[in-house]
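K.L.:
Sharing a model prediction with you, sequence too.
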Amino acid sequence: MSTSTISPTRTDTPPSRPRTKPPLTWDRVQRRGFGILRWVVIAGFLLATLVPFYYMLLLSVKPIESLLSNPASLTVSPSEFTLQTYVDVLTSVDNGGQGFGRFLVNSAFVALFSVALALLIGILGSYAIAGCRSSADGRSAASSWPRTSSQRS
């Protein structure tokens, strides 16, 4: 004995109509146009930002002779690729280089000293403000500062 299942058919649904696009309105034109224009502007800004960095990196790995013969070239052949410019810049002045390493050490020292001084002043100042209490209403002085002339009693 075999049983078969009969799937019920729905007769209460109307026949489907083919989908039509909504009418072209000014709002849809603006949304689509500005959506495309936004990505074009982003791509333009990205290109204007990244090309100078690429060119700067390119100039740093090409020998000076190649740069002088063709400065507008945007490619580096494997035979032209060199890191000698970095070696020359980082070599100390005593060894015939430009001594940029010493400049980096000086800059690091100044940066660390200025950060430590700013932290010291900030910590001491915040401690002084947090410790000030107004005896009149119990609030800290920082919550009522600055007062205008009309607020003073």
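P.N.:
Arrived safely.
K.L.:
for the protein, what's the longest helix?
P.N.:
The longest helix of the chain (DSSP state H) is helix 26-61.
K.L.:
quick check, distance from it to the centre of its chain.
P.N.:
Computed by CA atoms, centre = their mean, to the nearest Å, the chain-centroid distance of helix 26-61 equals 15 Å.
K.L.:
tell me the average confidence for that helix?
P.N.:
Helix 26-61 shows a mean pLDDT of 92.
K.L.:
What are the contacting residues of stretch 50-62?
P.N.:
67, 74-76, 80-83, 85-86 (CB atoms under 8 Å, 6 or more residues apart in numbering). No exception for glycine: its C-beta is placed from N, CA and C like everyone else's.
K.L.:
What's the ChimeraX syntax to select whichever of those are buried?
P.N.:
Typed into ChimeraX, the line below selects the buried ones among those, using 16 or more other CB atoms under 10 Å:
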select :76
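K.L.:
Looking at the contacts of stretch 50-62, which gets the smallest pLDDT?
P.N.:
Lowest pLDDT among those: residue 74, 82.
K.L.:
circling back: which elements pack onto the helix or strand following the longest helix of the chain?
P.N.:
Using DSSP states H and E, the next helix or strand after helix 26-61 towards the C-terminus is helix 64-69. Contact here means 3 or more CB pairs under 8 Å, 6 or more residues apart in numbering; DSSP states H and E; on that basis helix 64-69 packs against no helix or strand.
K.L.:
Not counting the next helix or strand after helix 64-69 itself, show me its contacts.
P.N.:
Downstream of helix 64-69, the first helix or strand assigned by DSSP H and E is helix 84-90. Helix 84-90 has contacts (CB under 8 Å, 6+ apart) with 60-61, 63, 97-98, 100-101.
K.L.:
so how far is helix 84-90 from its chain's centroid?
P.N.:
The answer for helix 84-90 is 29 Å, by CA atoms, centre = their mean.
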